[in-house]
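# let me see the structure of the following:
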Amino acid sequence: MAEDWGARIARAVEAWNRGDVQASVATLLEGVDPEIELHPDPNWPESGPFTGLDGAQELVGSWLVAWGSAGKVEIEEFRDLGDRMVGRSRFHIAGKGSGAEVEMGTSFVADLDDGIAVRCHFFFDHDEALRMAGLEGSEPG
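Got it, this is the predicted structure:
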């Protein structure tokens, strides 16, 4: 049986938090379509979409350039909805120029085709993610 997304994300977060960004990204890419579409939040410095495995690497690279480090991440919520998944995380990171500690929430909605991620939208506003997933106003249960 293929690894479920909850377990895969947990492994990726573990790698990210120990500073192994390459292993983290590789873990996530195990479950994506080679032509995946990645759509960052409109407020992200790099406009999207990013396409394919190279695009995924480029998106992560833009994060590292913007912040200067990977920081730490914790998963606050994850929902597997069958053909879609929704997650919310919190990054703890120091500002590149100032060194000031920053805490930032991000959310995602990913569309799945037979368990393979084919499209993913990222949000700074979790309510926007819930609306896209058709879960507006719902609490995890």
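# so in the protein, which helix runs the longest?
helix 52-67 (DSSP state H).
# that's a helix at Glu128, yeah?
Yes - counting by DSSP: H, G, I helix; E, B strand; the rest coil, Glu128 is part of a helix.
# hang on, the earlier thing: quick one: buried residues of the longest helix of the chain?
Gly55, Ala56, Glu58, Leu59, Val60, Ser62, Trp63, Trp67 (16 or more other Cβ atoms under 10 Å). Yep, even glycine has a C-beta here, placed from its N, CA and C like the rest.
# ok, stretch 122-138 next?
Phe122, Phe123, His126, Glu128, Ala129, Leu130, Met132, Ala133, Leu135.
# contacts for it?
Outside stretch 122-138, the residues that touch it by Cβ atoms under 8 Å, 6 or more residues apart in numbering are 38-41, 43-44, 79, 81, 84, 86, 88, 104-109, 121.
# show me how far that stretch is from its chain's centre.
14 Å (Cα atoms, centre = their mean, to the nearest Å).
# ok, stretch 99-111 next?
Taking mean C-alpha positions (Cα atoms, centre = their mean), stretch 99-111 and its chain are 8 Å apart.
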